[in-house]
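Novice: can you look at this prediction? I've put the sequence above it.
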Amino acid sequence: MKTTTLLLVLLVLFGGLLHSRDMAWRNAGPLVLDTLTVAACSTYTSPSGLYTWTTSGTYQDTLSGTLCDTLLTIHLTIGYQPSVNILIENPCGSSYTLNDTTYTISGIHTQILTNAVGCDSVLTVYLNLFHLETYDTLTVDTCDTYTLNGQTYSTSGTYTQLLTNWLNCDSFLTLNLTIHEASQHLLADSSCESYSFHDSLYTQSGLYTHTLTNQAGCDSLISLDVTIHPASQHLLTASACESYALNDSLYTVSGTYEQILMNEYGCDSTLTLDLRISQASQSYLDSIVVCDAYSLNDSVYTSSGMYTQLLTNAEGCDSSILLDLTIEPLHVSLTSDGWTIFAHPNFNSQYQWVNCDSGYLPVPGETNESYSPVADGNYAVIVTNGNCRDTSACMAMTITSLDQSFAHELRYFPSPSSGVLTIDLGGIYRHIEIDIQNAIGQQIGTYRDQSRQKTSVRLPTESGIYMLQVQADDRVAVIKVVRE
């Protein structure tokens, strides 16, 4: 503690002495005090050569003189930095300019500069040129106009835009642009009943608009002028004979038919045919036998033959008549089997038997082809056929051989008969024989029986008049029977 105090006292005293001395020296000359302000670039050597300083600061140096020493206070400024390294990265270009020097190659570059105090300053530059500008190409097909980054284009071409990418470098965008135009078309067409166009169905004429997409993908405006033609319908009522031809179709049966044709607009035309077919008629006059001329539909025929007449029937169609005509003069002859007279020929004529002995007076009820007299006499027949008429020669008949009383005794039924005739002989006879003859005197059957009073006879199946000669033992009678 004592030592420290002593040192402090000595310092104070020494300082005071120095100050006094300095003042004294300044006044007396033994020690000179001076101040020096100096700037150096890297190092500074004191005036005495005893010191070398490399940093700025305030330093003291003593210069020995002949008469006195000089104590210098030096204010030193060191202004040179021997080396400065910097890293520069330029991602956006192919060059970089620093201090009026432009570099185009990445690497280490050195610049010698002069700083604010006039000293050299070595600047080492570590330069990286990344060339990180970007180039992009955009190809676009679009319609009418295209807008990109605020710029609108209306014509096809190649365009370049200079932009800034995410590194703040230039971004070159090349636009290959094709502009397609929207199209407009007018379509005029016609159709029948309806018209279909791109999922639309029209049933009335008019002007319609459709917006479609053309081959380029752009709007295609279609103006559709369509005319709708209606289908037509017609009713035709017709009649014809045997067949009817209409539009290459042939009909042979009456009915209602429908044909689909084409009208003046090329549309369906439905033709409904109400058709009535009438047939031609044909009649056959077979085996017409007359005794004189034959008249038919204003035609007169005087000789036998086959004739055809073509007329018009009630339907207005052909009506043909085929006539098989035989002209035979009417000549009547008589035959007899002894109790019945037969007229020849026996074609379809009208007969009337007459009594020649009574002035040709008609025999009542005798109008058939044959006649069985009930009394002796002369008899003839008047035959009428159409306009022809002939009277036969008289034939003498002797009826005395017949047992007329036996004829009155016979009873037969039913009359007319439907097939089986029952005959009551009026008594029992041992031998019974019944002959059956037709109207022209032909014998067509014989029936025999014995020991009976009643017997039955089966008549022929054909309807007509039959003559039955009944012989019972020695008695004979003739009866006339009608078969239904």
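Specialist: Noted; the coordinates are in hand.
Novice: every contact and neighbour count from this point should use C-alpha atoms.
Specialist: Will do.
Novice: low-scoring stretches of the stretch 201-350 of the chain, by residue?
Specialist: Within the stretch 201-350 of the chain, the stretches with pLDDT under 70 are 346-347.
Novice: quick one: contacts for Gln111?
Specialist: By Cα atoms under 8 Å, 6 or more residues apart in numbering, Gln111 lies in contact with 122-125.
Novice: run the last query once more with 6 Å
Specialist: By Cα atoms under 6 Å, 6 or more residues apart in numbering, the residues touching Gln111 are 122-123.
Novice: I'd like the distance between the closest residue to Tyr244 other than its chain neighbours and Thr237.
Specialist: The shortest distance from Tyr244 to any non-neighbouring residue, by Cα to Cα, 6 or more residues apart in numbering, is to Tyr251 (5.1 Å). Taking Cα to Cα, to the nearest Å as the measure, Tyr251 and Thr237 are separated by 13 Å.
Novice: ok, Val332 next?
Specialist: Val332 sits 59 Å away from Thr237, going by Cα to Cα.
Novice: more neighbours, those two?
Specialist: Neighbour totals were compared for Val332 and Thr237, and Val332 leads with 18 against 10 (other Cα atoms under 10 Å).
Novice: any idea how far that one is from Glu369?
Specialist: Distance, Val332 to Glu369, using Cα to Cα: 11 Å.
Novice: identify the contacts common to those two.
Specialist: Shared contacts of Val332 and Glu369 (Cα under 6 Å, 6+ apart): none.
Novice: nearest residue to the middle of this protein?
Specialist: Among the residues of the chain, the one closest to the centroid is Ser196, at 12.5 Å (Cα atoms, centre = their mean).
Novice: list the contacts of the closest residue to Arg458 other than its chain neighbours.
Specialist: Counting by Cα to Cα, 6+ apart, Arg458 lies nearest to Val420, which is 4.5 Å off, once chain neighbours are set aside. Val420 makes contact with 457-459, according to Cα under 6 Å, 6+ apart.
Novice: mind giving me the PyMOL command for buried ones among those residues?
Specialist: To isolate the buried members of the contacts of Val420 in PyMOL, using 16 or more other Cα atoms under 10 Å:
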select buried, resi 457+459
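Novice: let me have the contacts of Val420 in TSV, extended by distance to Asn85, secondary structure and pLDDT.
Specialist: Shown next, in TSV, are the contacts of Val420 (distance: Cα to Cα, whole Å; DSSP: H, G, I helix; E, B strand; the rest coil; pLDDT from 0 to 100):
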residue	distance to Asn85	secondary structure	pLDDT
Val457	169	strand	94
Arg458	166	strand	93
Leu459	165	coil	93
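Novice: of the contacts of Val420, just say which sits nearest to Asn385.
Specialist: Using Cα to Cα, Leu459 is the member of these that lies nearest Asn385, at 29.4 Å.
Novice: and the residue nearest to that closest one when sequence neighbours are not counted, how many residues sit next to it?
Specialist: Leaving aside its sequence neighbours, Leu459 sits nearest to Gly419 (Cα to Cα, 6+ apart; 5.2 Å). Per other Cα under 10 Å, the neighbour tally for Gly419 reads 16.
Novice: pull the number of nearby residues for Lys206.
Specialist: Residue 206: Gly, not Lys. 11.
Novice: err, Gly65, not the other one
Specialist: For Gly65, the count of nearby residues is 11 (other Cα under 10 Å).
Novice: can you pull the pLDDT of it?
Specialist: What the model reports for Gly65 is a pLDDT of 78.
Novice: count the neighbours of Pro362 for me.
Specialist: So Pro362, with other Cα under 10 Å, has 18 neighbours.
Novice: okay, and the beta partners of it?
Specialist: Counting by DSSP bridges, Pro362 forms beta bridges with Val354.
Novice: do Leu246 as well
Specialist: With DSSP bridges as the criterion, Leu246 is bridged to Ser249.
Novice: and it, how close does it get to Leu177?
Specialist: Look at Leu246 and Leu177: by Cα to Cα, they are 67 Å apart.
Novice: okay, those two: which has more neighbours?
Specialist: Neighbour totals were compared for Leu246 and Leu177, and Leu177 leads with 20 against 9 (other Cα under 10 Å).
Novice: my guess is that one contacts Ser156, does it?
Specialist: Yes - Leu177 is in contact with Ser156 according to Cα atoms under 6 Å; the separation is 5.2 Å.
Novice: just the strands from the stretch 301-450 of the chain, written as ranges.
Specialist: Here the stretch 301-450 of the chain has its strands, by DSSP state E, counting those that start in this stretch, at 305-312, 318-327, 333-336, 341-344, 350-355, 361-362, 370-371, 377-385, 388-391, 395-397, 411-413, 420-437, 443-458.
Novice: let me know the pLDDT of Gly93.
Specialist: 62.
Novice: report the buried residues of stretch 98-117.
Specialist: Going by neighbour count (16+ other Cα under 10 Å), the buried part of stretch 98-117 is Ser106.
Novice: using PDB, write down the CA coordinates of that stretch.
Specialist: Only the C-alpha atoms of stretch 98-117 are listed here, as PDB (Å, rounded to 0.1, in the frame of the first residue of the first chain):
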ATOM      1  CA  LEU A  98     -18.000  -3.700 -62.400                       C
ATOM      2  CA  ASN A  99     -16.200  -0.400 -62.100                       C
ATOM      3  CA  ASP A 100     -16.400   0.200 -65.800                       C
ATOM      4  CA  THR A 101     -15.000  -3.200 -66.600                       C
ATOM      5  CA  THR A 102     -17.200  -5.800 -68.300                       C
ATOM      6  CA  TYR A 103     -16.700  -9.500 -67.800                       C
ATOM      7  CA  THR A 104     -18.100 -12.200 -70.100                       C
ATOM      8  CA  ILE A 105     -16.400 -15.200 -68.600                       C
ATOM      9  CA  SER A 106     -16.900 -16.600 -65.200                       C
ATOM     10  CA  GLY A 107     -13.800 -16.800 -63.100                       C
ATOM     11  CA  ILE A 108     -11.500 -14.900 -60.700                       C
ATOM     12  CA  HIS A 109     -10.800 -11.300 -61.800                       C
ATOM     13  CA  THR A 110      -8.600  -8.600 -60.100                       C
ATOM     14  CA  GLN A 111      -9.000  -4.900 -60.100                       C
ATOM     15  CA  ILE A 112      -6.400  -2.400 -58.800                       C
ATOM     16  CA  LEU A 113      -8.300   0.600 -57.600                       C
ATOM     17  CA  THR A 114      -7.500   3.900 -55.800                       C
ATOM     18  CA  ASN A 115      -9.400   4.400 -52.600                       C
ATOM     19  CA  ALA A 116     -10.500   7.700 -51.000                       C
ATOM     20  CA  VAL A 117      -7.100   8.400 -49.600                       C
END
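Novice: ok, Met467 - contacts?
Specialist: Met467 makes contacts with 436-437, 479-480, as judged by Cα under 6 Å, 6+ apart.
Novice: mind doing that once more with 10 Å?
Specialist: The neighbours of Met467, taking Cα atoms under 10 Å, 6 or more residues apart in numbering as the test, are 339-340, 370-372, 435-443, 478-482.
Novice: same question for His180.
Specialist: 141-145, 154-156, 214-219.
Novice: same check, this time on Asp34
Specialist: 60-62, 70-74.
Novice: ok, what's across the strand from the residue nearest to the centre of the chain?
Specialist: The partner list for Ser196 in beta bridges (DSSP bridges) reads Leu201.
Novice: please tell me I have it right and it contacts Leu224.
Specialist: No - with contact defined as Cα atoms under 10 Å, Ser196 and Leu224 do not form a contacting pair (11.1 Å).
Novice: all set, thanks.
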